[in-house]
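Visitor: turn this into a model:
(one chain, ligands or ions: 1)
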Amino acid sequence: MTTNDNSLPTRNGIINLPNLGFNLDLLKKKAPNNEIIFMVKSNAYGHGELPIVKFANLEKGINFFGFASLREANFARKRLPFLEAEFIVFSDLFMVQKNMDWSLYAENRIIPVVHNISQLESLLNFNENNNASIPLYLMFNTGMNRLGFDTEEKDLGQILKLFNQRGITKIHHLMSHFGYSYSVKERNTSVTNQYTIFGKIKKFFQSHAVKINHTSMANSGAIEQGVALEETHIRPGLILYGPSSMLQKEARSSWNSKMVSTISCKILSKRTVKKGERCSYGLSQLPEDGILLVINLGYADGVPLSISNHPFELNGERGQFFGRVNMDMTFLFFPQVEDVNFCQEGDVINLWDENPESFYRFIGKDIHPYAVLCSMQMPRLQLEYLT
Ligand SMILES: Cc1ncc(COP(=O)(O)O)c(C=O)c1O
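Guide: Alright, predicted model coming up:
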């Protein structure tokens, strides 16, 4: 696990684009009939939106990308103007402002996901008054109560009324989002309930002669559980970056992917310590004799505070994260080491490697994989891209 390569920068992450290609191929086998909307919110879950989008589009033919904000999508559109891909914005604050200027979307070929009546009305007015054709992507709330049109007859009736007033007979993309698809236990309860409601919404529009071109509901958990693959599109995020999104405490994942990222650090200090000595802020007491390492990543680099006590293996020696995480440093404690020379100051340590198991070991059962990937990112970490 360690090397003494001084050419590496002090902090680094490797983003392995061929591994993303591997995961995309895996996904295409699992969901051969679905188009993919690759979710690249939050700087592609920390991996860097530009190289990820460019690779996925040019090398793997992915044509749809999901961003959180107009700003993120616009950033990618401006820097990758040659891409033909559709950029979709899911949750921009701009859309809750009073006087929405949809020209920012129209001019940059960016599609907003509309989630309430006033947005829909405003967008339809814009299309009509400007001879524009921003496609209608509508998000419905089927139980998560996050964003989306409500599904009672009244709200559906209001949408129909707006459509009838303007002679609209087509929804380009109808979607909803699962709240708990990452749990096996929810497969036959909330997941099925939400999906049933989604089916009813589709039927409602179809029975009123409104054509629906595309539909999607499946995020990573649903895809892993084989749910909502009947829809034209799927919207994976996490699984494409490597980790399974299924609750690790419930079941082992069968998603045999590769981690796209590898995060490394260096050993800043190694000292021999005795039982009862203390370390870090809060002066945690060491329970045994052992070796104490300080590595050069801390909470400012995205190391979760709750990593403390998680096991960590280094070159065959079993240890654990210990004491409070510092801003730019973290402690590792190895009691009862067999070989005291198992590592040296300056050695590089991979927090995880391309095997997702190493990532699951790092985060344990209680840390959120999304939060770790999204927080351990640039500009604090130097990311190097393997192509
Ligand atoms: C609307 C929507 N669809 C899909 C996803 C992808 O979710 P996951 O990373 O669990 O696949 C997200 C995640 O943010 C989302 O908000």
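
Visitor: the helices in the protein, which residues?
Guide: Counting by DSSP state H, the segments of the chain that form helices are 17-30, 41-45, 49-58, 70-79, 103-107, 117-129, 153-166, 190-207, 220-224, 238-241, 356-363, 369-375.

Visitor: doesn't Lys258 make contact with Asn19?
Guide: Yes - between Asn19 and Lys258 there is a contact under C-beta atoms under 8 Å: 4.0 Å. All C-beta spots, glycine's among them, are computed from the backbone N, C-alpha and C.

Visitor: compare the two (neighbour count), which wins?
Guide: Neighbours were counted for Asn19 and for Lys258 using other C-beta atoms under 10 Å; Asn19 has more, 21 against 18.

Visitor: residues contacting Glu277?
Guide: Contacts here follow C-beta atoms under 8 Å, 6 or more residues apart in numbering; on that basis Glu277 touches Gln285, Leu286.

Visitor: quick one: it from the ligand, how far?
Guide: Distance of Glu277 to the ligand, given as C-beta to the nearest ligand atom, to the nearest Å: 42 Å.

Visitor: I'd like the numbering to begin with 11 instead of 1 from here.
Guide: With 11 as the first residue, the last one maps to Glu287.

Visitor: any idea how far that residue lies from Ile301?
Guide: Distance, Glu287 to Ile301, using C-beta to C-beta, to the nearest Å: 12 Å.

Visitor: below-threshold pLDDT in the stretch 61-210 of the chain: ranges please.
Guide: Low-confidence segments of the stretch 61-210 of the chain (pLDDT under 70): 105-106, 108.

Visitor: for the stretch 11-160 of the chain, which residues are neighbours of the ligand?
Guide: Neighbours of the ligand within the stretch 11-160 of the chain, by C-beta under 6 Å from any ligand atom: Met49, Lys51, Phe100.

Visitor: can you tell me how far the residue lying closest to the first one once chain neighbours are set aside is from Gly374?
Guide: It stands for Met49. Spatial nearest neighbour of Met49, chain neighbours left out: Gly247 (3.4 Å); criterion: C-beta to C-beta, 6 or more residues apart in numbering. According to C-beta to C-beta, Gly247 stands 21 Å off from Gly374.

Visitor: compare the two (neighbour count), which wins?
Guide: Ranked by neighbour count (other C-beta under 10 Å), Gly247 and Gly374 place Gly247 first, with 20 against 16.

Visitor: from what I see, the more buried one and Ala54 are in contact.
Guide: No - judged on C-beta under 8 Å, Gly247 makes no contact with Ala54 at a distance of 9.0 Å.

Visitor: residues in the stretch 161-310 of the chain within reach of the ligand, list them.
Guide: His187, Asn229, Ser230, Gly231, Arg245, Pro246, Gly247, Leu248, Ser255.

Visitor: between these, which sits nearest Ser79?
Guide: Comparing these against Ser79 with C-beta to C-beta places Gly247 closest, at 15.1 Å.

Visitor: so what's the closest one scoring on pLDDT?
Guide: With respect to pLDDT, Gly247 scores 98.

Visitor: and if you look at Met11?
Guide: Reading off the model, Met11 has pLDDT 51.

Visitor: report how many residues lie close to Tyr251.
Guide: Neighbours around Tyr251, by other C-beta under 10 Å: 30.

Visitor: residues touching it, list them.
Guide: For Tyr251, the contacting residues are Leu30, Asn33, Ala54, Tyr55, His57, Met269, Val270, Ser271, Leu383, by C-beta under 8 Å, 6+ apart.

Visitor: can you select the buried ones from the residues you listed in PyMOL?
Guide: To isolate the buried members of the contacts of Tyr251 in PyMOL, using 16 or more other C-beta atoms under 10 Å:
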select buried, resi 30+33+54+55+57+269+270+271+383
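
Visitor: can I get the contacts of Tyr251 in a markdown table including pLDDT and distance to Lys280?
Guide: Shown next, in a markdown table, are the contacts of Tyr251 (pLDDT from 0 to 100; distance: C-beta to C-beta, whole Å):
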| residue | pLDDT | distance to Lys280 |
| --- | --- | --- |
| Leu30 | 98 | 35 |
| Asn33 | 98 | 36 |
| Ala54 | 96 | 35 |
| Tyr55 | 95 | 33 |
| His57 | 94 | 31 |
| Met269 | 97 | 27 |
| Val270 | 97 | 31 |
| Ser271 | 95 | 26 |
| Leu383 | 92 | 28 |
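
Visitor: closest residue of the stretch 111-260 of the chain to the ligand?
Guide: At 2.5 Å from the ligand, Gly247 is the closest residue in the stretch 111-260 of the chain, using C-beta to the nearest ligand atom.

Visitor: tell me which of the contacts of Tyr251 is nearest to Gln204?
Guide: Relative to Gln204, the closest of the contacts of Tyr251 is Tyr55; by C-beta to C-beta it sits at 23.3 Å.
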